[in-house]
Every structure is written in structure tokens, then in C-alpha cells.
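Student: Mind looking at a prediction? Sequence and model below.
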Amino acid sequence: MRLSKLWLAVRNSLWVVPVLFVLGGVVLALVTVAIDRRFDYSLIPASVVGGPEASITILSTVAASMVSMAALVLTITMVVVQLAMGQFSPRIVQRLLRDKPSQSAIGLFVATFAFAIVTLNEVTSNGDGTGDVPGTAVLTAFVLVIVSIAVLIIYVHHIGQALRVSSLIELVGKQTRKLLDEVYPDKGDLPDDGRVLIRAPKSGVIIVIGYEHLVREAARTGCVLELLPALGEFVPAGAPLFEVHGDPVGLDEGKVNEAVVLGLERTLDKDVAYGLRLLVDIAQRSLSDSPLQDPTTAVQAIDRLHDCLRQLATRPLSDGLHRDASGEVRLQEPAMDWDAYVHLAFDEIRIAGATSPQVSRRLVAAVQDIASVAPEDRLPALERQLELLTEAVQESSLRPRDVDTSLEPDRQGLGVAAGHGERR
């Protein structure tokens, strides 16, 4: 139990890894200095590392800069911890303090500091430009500085990625999955419903689908692959990823799985619906506390949604069927249709902002303009949005005249058209 408590304290501490790095820096300094002593300080010529005064200046600068860099990383780490506590959960702190890249970055900087201090003590100057310079140690300090700069850049990138919601969730989820395997090693048997399935090797969100690769593999084996989750959908590890139709001969499940890239979160690389989702999130967040809190931000988001759906309105959409060179269907996938895009773009904003005249007027203008260019078969979804918006505004606490004003189209929300409507 004592060993378990000690190990737990070590794992949850921020200082252990930096201390080990410091010890490593001191040992490296002693080794390089010993090498220089062995060769009477002549292994590296003075033309490479400079004389004693230059070496003292360089090592002093390195030591001072490493202290500043270590302080910077510690400050960023503490800011990240505070942000995560306030934005997500105070219980996430323990996981962040155990972040090994952060500990390693701090450790490298303080190790370089310790290396420079030990090496600096070995430089001797006679006052006339001569003296003993541990060239190997000074050259190693140069290398450590370059590595430290690279690590600082990598660390900034890492901490930016680590602040994403998906990364913080995965931080806890990954450790929990690992703990599940330790506590409950017997995974049991999955039910067999008679279907030929290819299961996901790991969990994640589908961010890229290699359609051509999957079509070629299905054509080669004479089968049809049905992708069960849609692009942008989360897939648990071991969940059905594909259903195989037909009698495949020599189907390579590894190649099929490689054609589907799983990530921590949706991206805008291939996922059009995710772009609309982000715009809706911005609008909905601006209306979350009150429809009148920040309707202008919601209107700006609706502007972009209006533009995107107007561009999409006249374009043919995928039916989710992918064919080989002979025209045979080889891959099926769930696909977004027009109605789905309209619901995604407008439903939540309509519900959250129905009592804000600025938002409702902008929605009416957007839907009516999209309807002016949309084909006949795509009009019902837009008409339904206008009906639902009208019902929501009428059922609100607005006065009758305010209801009429809220249902007039206005591309600025409350702009030039508002004055025209008043004169009418």
C-alpha cells in the first residue's frame, strides 16, 4: 500500500519529470566537461565556440533565457488549468497536471539551465583572451538551445490542441477505457445477428472516407459495402462500421478500415454539415441566456447560413450510392438530403430566437430568398420553416403589432426595411 501511495503521488505530481530532466542535464554537463578535460580543452577549436569571454556570455545568456522559457511554460500551464476548471470541470485539473508533454517541456528548459550553470563554472579566463573553454560542453549547449526552441513551438501547438473540448474529453475517456481493460479484462461475446460486419478497430468521429478505395475493394471482391455510420458521426470501438452484402471473396478488412479515418472531432475538410453546425452553434450561444442578449451575432451567423444554403439550393445532392466503372453500386452510405440541411441550419436558431425581432426578421428574409431560387421539390422544407417560425412568434409574449413586425423579412434584422414597413 505504501508503494501504491508513493506511485500515485509520483504520477499526479508536476515536479517529478522536471527533476529527472535536471539530473540528466547535470550528468550531461559533467560528462561533456570530463571529455573536454580528457583532451585538455582542445577537442573543439576556439574558432567554433569562441574564447572564454564569449563562452561565458553565451552560457550566461542560455541560463537566463531558459529560466524565462520555463517560467513561460509554467504560466501557460496554469492558465490552461484555470480555463479548463472554469469552462469544463474542476475535476479535470488532475489530468492536466499529468500531461507529459508539458512536464517534458519544463524539464528540458530547466535541464538546459542546469547544464549551462555547471558548464559555466568550468570556463576559466586569464583576462587576456586566453583560458580554458570546454568546447564540447559549449557546443552541446548550442544544441540544447536549438532543441529547446523547437520544443517550445511544439509545446505551444500541443497546448492549443489540448484545450479543445474533444481533446479534454478524450483525455478522460482514453484513461477510462484503459482502466476498463484492467478491471474487467474479459470482453465477453458480441451478439451475432447473422449479418457480415466489419467493426471499428477504435473509437472516433468519421472525418474522412476514401470512397474510391472502398469502391475498388468492393469491386475486386464482388460485394457491396454499406457504411453504417455517416460522415461526422461518432463510432465506438468494436461497433459495426460496415455491413457486407453479397459473397465477398478475399475481402481485406484491414484495407476497408484504413479507408475510414477516425479523429477526435468533426472537421471542415469533407463535412459540409459540420460547417453549418458551427454557424448554428455560434448563433445559438449568442441567444442562450436571452434572445435579446446578442442578436446581432446571431444575425451574422444567419447571414452565412443563408449564403451557404442559397448556394446549395440548386445543386444536386449525393444519394449515398457509389458505383464502380461498370455502373454497379459498390458502396452505400447515409447522406444528408435537402430537408436535413434546412433543419440543421434553421431549427435551433428558430426555437432560440423566435422572440427576438431581429433574429426572426432575418430568418424570414433568408428562407424567402432561398425559396426564390430553390427547385419546386425543395420548397416544402422552406415553407415548413416559415410556418413554424410564424407559430413560434405568434405564441410568444409579443404584442400583436410586434408580431407583425417580427415576421417581416429584413436582411439586416432591424435595418432599412424596418423603416419601410413602418411607413406602410
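Tutor: Everything's here; your move. Residues are numbered from 1 along each chain as shown.

Student: From now on I want contacts and neighbour counts done on CA atoms only, so please keep to that.
Tutor: Noted.

Student: okay, and for the protein, where does confidence drop off?
Tutor: Scanning the chain for pLDDT under 70 picks out 1-14, 86-97, 126-130, 163, 290-292, 416-424.

Student: hang on, residue 293 packs against residue 284?
Tutor: No. Using CA atoms under 8 Å, residue 293 is not in contact with residue 284; the gap is 11.1 Å.

Student: Neighbour count: the two, which is higher?
Tutor: Taking neighbours as other CA atoms under 10 Å, residue 293 and residue 284 compare with residue 284 leading, 23 against 12.

Student: Which strand or helix spans that one?
Tutor: helix 272-286 (DSSP states H and E).

Student: Can you give the distance of that helix from its chain's centre?
Tutor: 16 Å (CA atoms, centre = their mean, to the nearest Å).

Student: List the contacts of that helix.
Tutor: By CA atoms under 8 Å, 6 or more residues apart in numbering, the list of residues contacting helix 272-286 from outside reads 232, 266-268, 293-295, 297-299, 301-302, 304-305, 336, 341, 344-346, 348-349, 352.

Student: are any of those residues buried, and which?
Tutor: With burial judged by 16 or more other CA atoms under 10 Å, the buried subset of the contacts of helix 272-286 is 232, 266-267, 294-295, 297-299, 301-302, 304-305, 336, 341, 344-346, 349, 352.

Student: so of those residues, which ones are in strands?
Tutor: Using DSSP state E, the subset of the buried ones among the contacts of helix 272-286 located in strands is empty.

Student: hmm, back to that, overlap in contacts, residue 293 and residue 284.
Tutor: Contact criterion CA under 8 Å, 6+ apart; residues shared by residue 293 and residue 284: none found.

Student: Would you confirm that residue 313 contacts residue 376?
Tutor: No. Residue 313 is beyond contact range of residue 376, at 10.5 Å (criterion: CA under 8 Å).

Student: When those two are compared, which one has more neighbours?
Tutor: When residue 313 and residue 376 are compared for neighbours, residue 313 comes out ahead with 20 against 9, by other CA under 10 Å.

Student: what helix or strand is the residue nearest to residue 162 when sequence neighbours are not counted on?
Tutor: The shortest distance from residue 162 to any non-neighbouring residue, by CA to CA, 6 or more residues apart in numbering, is to residue 168 (6.4 Å). Secondary structure from DSSP H and E places residue 168 in helix 165-183.

Student: other SSEs contacting that helix?
Tutor: With contacts defined as 3 or more CA pairs under 8 Å, 6 or more residues apart in numbering; DSSP states H and E, helix 165-183 has no packing partner among the helices and strands.

Student: And the next helix or strand past that helix?
Tutor: Next along from helix 165-183, by DSSP H and E: strand 197-199.

Student: Direction included, what does that next one pair against?
Tutor: According to DSSP bridges, strand 197-199 forms sheet pairs with strand 240-246 (antiparallel).

Student: so after the partner strand, what's the next helix or strand?
Tutor: Downstream of strand 240-246, the next assigned helix or strand under DSSP H and E is helix 253-258.

Student: Can you spell out which helices and strands pack onto the helix or strand that comes right after that next one?
Tutor: Scanning forward in sequence from helix 253-258 by DSSP H and E, the next helix or strand is strand 260-263. Here strand 260-263 touches strand 204-209, going by 3+ CA pairs under 8 Å, 6+ apart.

Student: thinking again about what came up before, what residues of the helix holding residue 284 count as buried?
Tutor: 273-276, 279-286.

Student: just the CA coordinates of it, formatted as PDB?
Tutor: In PDB, the C-alpha atoms belonging to helix 272-286 read as follows (Å, rounded to 0.1, in the frame of the first residue of the first chain):
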ATOM      1  CA  VAL A 272     -20.300  20.300 -45.200                       C
ATOM      2  CA  ALA A 273     -22.900  19.700 -42.400                       C
ATOM      3  CA  TYR A 274     -20.200  20.500 -39.800                       C
ATOM      4  CA  GLY A 275     -19.700  24.000 -41.200                       C
ATOM      5  CA  LEU A 276     -23.400  24.700 -40.800                       C
ATOM      6  CA  ARG A 277     -23.300  23.100 -37.300                       C
ATOM      7  CA  LEU A 278     -20.600  25.600 -36.300                       C
ATOM      8  CA  LEU A 279     -22.500  28.600 -37.500                       C
ATOM      9  CA  VAL A 280     -25.600  27.300 -35.700                       C
ATOM     10  CA  ASP A 281     -23.600  26.900 -32.500                       C
ATOM     11  CA  ILE A 282     -22.400  30.500 -32.700                       C
ATOM     12  CA  ALA A 283     -25.900  31.800 -33.200                       C
ATOM     13  CA  GLN A 284     -27.400  29.600 -30.500                       C
ATOM     14  CA  ARG A 285     -24.700  30.500 -28.000                       C
ATOM     15  CA  SER A 286     -25.400  34.200 -28.600                       C
END
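
Student: if we can go back for a sec, surely the residue nearest to residue 162 is in contact with residue 159?
Tutor: No. Contact criterion CA under 8 Å: residue 168 and residue 159 do not qualify, at 10.9 Å.

Student: which helix is the longest one in this structure?
Tutor: The residue-count maximum for a helix in the chain (DSSP state H) belongs to helix 52-87.

Student: mind listing what's buried in that helix?
Tutor: 52-53, 55-56, 58-60, 62-63, 65-67, 69-70, 73-74, 77, 80-81, 84.

Student: what angle sits between that helix and helix 165-183?
Tutor: 80 degrees (axes from the mean of the first three to the mean of the last three CA atoms, to 10 degrees).

Student: quick one on the thing from earlier: could you pull out the buried residues of the helix holding residue 168?
Tutor: In terms of neighbour count (16+ other CA under 10 Å), helix 165-183 has its buried residues at 168, 170-171.

Student: The helix or strand where residue 372 lies to helix 272-286, inter-axis angle?
Tutor: According to DSSP H and E, residue 372 maps onto helix 357-373. Computed by the same axes, to 10 degrees, the angle separating helix 357-373 from helix 272-286 equals 160 degrees.

Student: Who are the packing partners of helix 357-373?
Tutor: Helix 357-373 packs on helix 295-313, helix 338-353, helix 379-394, helix 400-406, going by 3+ CA pairs under 8 Å, 6+ apart.

Student: Name all residues that make contact with residue 44.
Tutor: Per CA under 8 Å, 6+ apart, neighbours of residue 44: 135-136.
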